[in-house]
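*Asks:* Build me a model from this:
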Amino acid sequence: MTSPARTERAAPLARADGAPVRVLVVDDEQAITELLAMALRYEGWEVRSAAAGIPAVRAVKEFRPDAVVLDVMLPDIDGLEVLRRLRGGGDDVPVLFLTAKDAVEDRVVGLTAGGDDYVTKPFSLEEVVARLRGLIRRSGAVAAKTDARLVVGDLVLDEDSHEVTRGGDEIALTATEFELLRFLMRNPRRVLSKAQILDRVWNYDFGGQANIVELYVSYLRKKVDAGRTPMIHTLRGAGYVLKPGADA
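*Replies:* Predicted structure coming up:
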């Protein structure tokens with residue numbers, strides 16, 4: 001994970017009554033559940049796990065989580081069936097799918113079945129946490145303890161107001177530019193490929209032309225880096241990385 005000493009942590013989340021956020025992790029690979037549990041507890045959240053589908057359905061009823069991380073492939077019933085049972089029982093808890101499948105059809109099936117988001121294995125812990133934070137906040141079940149800001153160097157992005165500043169100067173962005181910058185700022189110092197950016201910013205419904213990423217990165221550079229120490233860098237053949245100007 002990104003070290004909290006190098007970048008400002010995102011605003012802590014808590015339930016409306018001040019209790020810790022609850023997340024249920026469902027995966028039959030113990031190494032994955034332990035790794036995710038460690039990352040989520042680092043956020044101050046309460047975590048429980050289940051290694052199969054039927055225990056997961058039971059755990060949702062008992063634990064009442066604010067979000068569920070749900071693997072698609074499970075040893076008894078699959079994740080899609082777990083989701084159907086939850087939705088059939090009237091439970092609208094946000095669900096983030098984990099899947100090793102990367103075909104568009106598999107993603108669409110999960111989302112149309114009532115899932116809220118997905119990440120494909122292998123995944124970064126930072127990305128899972130960021131996706132969960134978004135799902136939990138949108139669910140309205142929790143409240144942020146502080147401003148929902150992302151800060152990298154002198155670049156500040158407010159996820160609530162959609163205001164962006166660098167060195168105190170306001171930067172006006174389009175909706176797509178904002179989403180692209182948000183993805184970069186949620187993954188500082190991490191190289192992001194064009195495929196990852198397409199998948200996260202444009203989602204599965206976009207045609208998939210990689211040159212759209214180059215175009216929007218150029219737009220973003222003109223607004224974020226113009227007349228300043230560059231923060232957005234290209235690693236030829238690898239992708240893009242955002243770093244504080246002082247570290248460039």
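*Asks:* Contact partners for the spatially most central residue of the chain?
*Replies:* For the chain, Arg131 is the residue whose C-alpha lies nearest the centre (CA atoms, centre = their mean; 2.3 Å). Going by CB atoms under 8 Å, 6 or more residues apart in numbering, Arg131 touches Leu96, Asp117, Val119. Backbone N, C-alpha and C define where each C-beta goes, glycine included.
*Asks:* And the helices in this structure?
*Replies:* If DSSP state H is used as the criterion, the helices of the chain fall at 30-42, 53-63, 79-88, 104-112, 125-139, 175-186, 194-197, 211-224.
*Asks:* How many residues are close by Glu126?
*Replies:* 15 (other CB atoms under 10 Å).
*Asks:* let me redo that: Ala100
*Replies:* Quick note: Ala100 (other CB under 10 Å) scores 11 neighbours.
*Asks:* Phe123 is in contact with that one, correct?
*Replies:* No: the pair Ala100 and Phe123 fails to qualify as a contact (CB atoms under 8 Å) at a distance of 10.1 Å.
*Asks:* how close does Arg41 get to Gly239?
*Replies:* Going from Arg41 to Gly239 by CB to CB, to the nearest Å gives 30 Å.
*Asks:* ok, these two, which is more surrounded?
*Replies:* Higher neighbour count among Arg41 and Gly239: Gly239, with 18 against 13, using other CB under 10 Å.
*Asks:* Contact partners for that one?
*Replies:* Contacts of Gly239 by CB under 8 Å, 6+ apart are Val191, Leu192, Ser193, Lys194, Gln196, Ile197.
*Asks:* just checking, the first one touches Val241?
*Replies:* In this case it means Val191. Yes: here Val191 lies in contact with Val241, judged by CB under 8 Å, at a distance of 4.8 Å.
*Asks:* Residue ranges in the protein under the pLDDT threshold?
*Replies:* Where the chain drops to pLDDT under 70, the residues are 1-12, 101-114, 141-147, 203-210, 246-248.
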